[in-house]
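Visitor: Below are the sequence and a predicted model for it; my questions follow.
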Amino acid sequence: MISKSLISVTVPICKVEKYLSKSLDSIVNQTYKDIEIIIVDDGSTDSCSEVNKLDYFYSVT
């Protein structure tokens, strides 16, 4: 059996509220599914931290 490697995707967020959902959707919809998404809030002053990241967690696992 060939095992797939886990790929970690780190997404730094700082003032990217306008693009965050589209970016996360793009990551989740890749053909390679064995991924983890690490979201790092770098002190953003917009609403980035309010994006419901649990939606993405459940769609990946």
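Guide: That came through fine. Numbering: from 1, shown residues only.

Visitor: wouldn't residue 41 be in contact with residue 20 here?
Guide: No: counting by Cβ atoms under 8 Å, residue 41 stays clear of residue 20, with 10.3 Å between them. To be clear about C-beta, it is placed using only N, CA and C from the backbone, and glycine gets the same treatment.

Visitor: Tell me which stretches of this protein form helices.
Guide: For the chain, the helices defined by DSSP state H occupy 17-28, 53-60.

Visitor: where's residue 11 relative to residue 3, distance?
Guide: 25 Å (Cβ to Cβ, to the nearest Å).

Visitor: Between these two, which is the more surrounded one?
Guide: Counted by other Cβ atoms under 10 Å, residue 11 and residue 3 do not tie: residue 11 has more neighbours, with 17 against 6.

Visitor: Please name the bridge partners of the more buried one.
Guide: residue 39 (DSSP bridges).
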